[in-house]
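1. mind looking at a prediction? Sequence and model below.
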Amino acid sequence: MRNHTLRASWVATVVASVLALVSPVATNLAAGAGSGPAASPQRPASRADATDPFEDAGAGADLTASGAEVGSGPVTPDAPIAPRPAEPTGNLLVRVAHAMTARANPSPDAQVVGSIPSGSKYYDVALTAWVEEVSPDGRWGRVEIPYVWPRRHGWIALRGLARRTTGVEVQIDLSEHRITVSKAGRRLLGMPAATGAAVSPTPPGEYFVTDRIAFSGGSLGTFAFGISGIQPKLPPGWSGGNQLAIHGTSDPSSIGRSASAGCLRVSERTLDRLKPLLQLGTPVIVVP
């Protein structure tokens, strides 16, 4: 009888010890499951969200790099290792934080051929440039120098510039009076546009979006996408600026014809379809 009592007492002691160890763990698990913060609501879109692809990037961030470590804390032998994210693909865009010297070749000793401004021509929007080519060592990028004629390219140093890629590209076919938007090589939209008249033809070239500006209506419609090119052959008596743009119009009958001072005129419906696609830096290629 005494041995049975001692055995029962020993079992009770072990069970109590186990419960003492398990109870705090169970309590912590319940707290972690039910008392954490609720998911934050999605931040509403704003004009900055719509126009600035670097709004969340931070100065000097390199969003195309994949060398950052995945996760945090030490990796134990039993912990699965997360795969390294794939390199982004598409056209490279860089934020030009200050005026930059453009050179004839990817070398600090090469001839200076121009300057890349930090802001757009008329509205001083922070410039996001399309890098058409990257040097083999990755240190230099070839860009179209904005707002100059004759058109020319130059190489700028990429170190320290915030970067992003985009798969969206715009092609303007002057002979067909047509704008086509593609993404990653897949055609998304095609729409007619008015192009430059015979005395003020739209100059072909490789450009990029530098402005996204809303208007209250009138000859430019309700919205304009300024691009990095200028019109060297303004019509006689023209008193406006010389920057090229894709914009609306108060003369819808001109769409599909050679009728403008050089800009591309589109319908309001087309503007609504372009707004979510054409961000700052988006490539715009104009072909004859």
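-> It's in. Residues are numbered from 1 along each chain as shown.

2. could you find the closest non-adjacent residue to residue 210?
-> Distances taken as CB to CB, 6 or more residues apart in numbering put residue 120 closest to residue 210, at 4.2 Å, once the chain neighbours are dropped. Just so you know, the C-beta spots here come from the backbone N, C-alpha and C atoms, and that holds for glycine as well.

3. from residue 280, how far out is that neighbour?
-> Relative to residue 280, residue 120 is positioned 9 Å away (CB to CB, to the nearest Å).

4. same check, this time on residue 135
-> 24 Å.

5. and these two? Which one has more around it.
-> residue 280 (27 against 15; other CB atoms under 10 Å).

6. my read: that one touches residue 130, true?
-> No. At 9.9 Å, residue 280 and residue 130 do not qualify as touching, with contact defined as CB atoms under 8 Å.

7. which neighbours do the two have in common?
-> Common neighbours of residue 280 and residue 130, counting by CB atoms under 8 Å, 6 or more residues apart in numbering, are residue 93.

8. what's the distance between residue 151 and residue 203?
-> Relative to residue 203, and taking CB to CB, residue 151 is found at 7 Å.

9. mind checking which of those two has more residues around it?
-> With neighbours defined as other CB under 10 Å, residue 151 and residue 203 compare such that residue 203 has more, 20 against 17.

10. ok, now which ones touch that one?
-> The neighbours of residue 203, taking CB under 8 Å, 6+ apart as the test, are 149, 151, 196, 229, 231, 232, 233, 244, 262, 286.

11. helix, strand or coil for it?
-> Secondary structure, DSSP: H, G, I helix; E, B strand; the rest coil: residue 203 is coil.

12. what's the pLDDT at it?
-> In the prediction, the pLDDT value recorded for residue 203 is 98.

13. export stretch 194-209 as CSV, just CAs?
-> These are the backbone C-alpha positions of stretch 194-209, laid out as CSV (Å, rounded to 0.1, in the frame of the first residue of the first chain):
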residue,chain,number,x,y,z
ALA,A,194,-3.4,63.1,-84.9
THR,A,195,0.2,63.7,-85.8
GLY,A,196,2.2,66.7,-87.0
ALA,A,197,1.0,68.6,-90.1
ALA,A,198,3.1,68.8,-93.3
VAL,A,199,4.7,72.1,-92.2
SER,A,200,5.4,70.8,-88.6
PRO,A,201,5.9,67.0,-88.8
THR,A,202,6.4,65.0,-85.7
PRO,A,203,10.1,64.2,-85.4
PRO,A,204,10.8,60.4,-85.2
GLY,A,205,13.1,59.2,-82.3
GLU,A,206,13.4,57.4,-79.0
TYR,A,207,11.8,59.4,-76.2
PHE,A,208,10.4,58.9,-72.7
VAL,A,209,7.6,60.4,-70.6
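
14. just to revisit the earlier point, pull the most distant pair out of the contacts of residue 203.
-> 151 and 196 (15.3 Å; CB to CB).

15. picking up where we left off before, now for residue 151 and residue 203: what residues contact both?
-> residue 229.

16. and residue 182, how many neighbours?
-> 16.

17. check residue 191 too.
-> Quick note: residue 191 (other CB under 10 Å) scores 17 neighbours.

18. please, where are all the strands along the stretch 101-250 of the chain?
-> For the stretch 101-250 of the chain, applying DSSP state E, counting those that start in this stretch gives strands covering 112-116, 128-134, 140-144, 153-157, 163-166, 168-173, 178-183, 186-192, 195-196, 205-208, 213-214, 223-230, 243-247.

19. C-alpha coordinates for the fifth one, CSV please?
-> Spelled out, that is strand 163-166. Output in CSV follows, covering the C-alpha atoms of strand 163-166 (Å, rounded to 0.1, in the frame of the first residue of the first chain):
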residue,chain,number,x,y,z
ARG,A,163,16.4,52.4,-60.5
ARG,A,164,13.3,50.6,-61.6
THR,A,165,12.2,48.6,-64.7
THR,A,166,9.1,48.7,-66.8
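
20. who touches both of residue 120 and residue 280?
-> Residues touching both residue 120 and residue 280 by CB under 8 Å, 6+ apart: 127, 210, 211.
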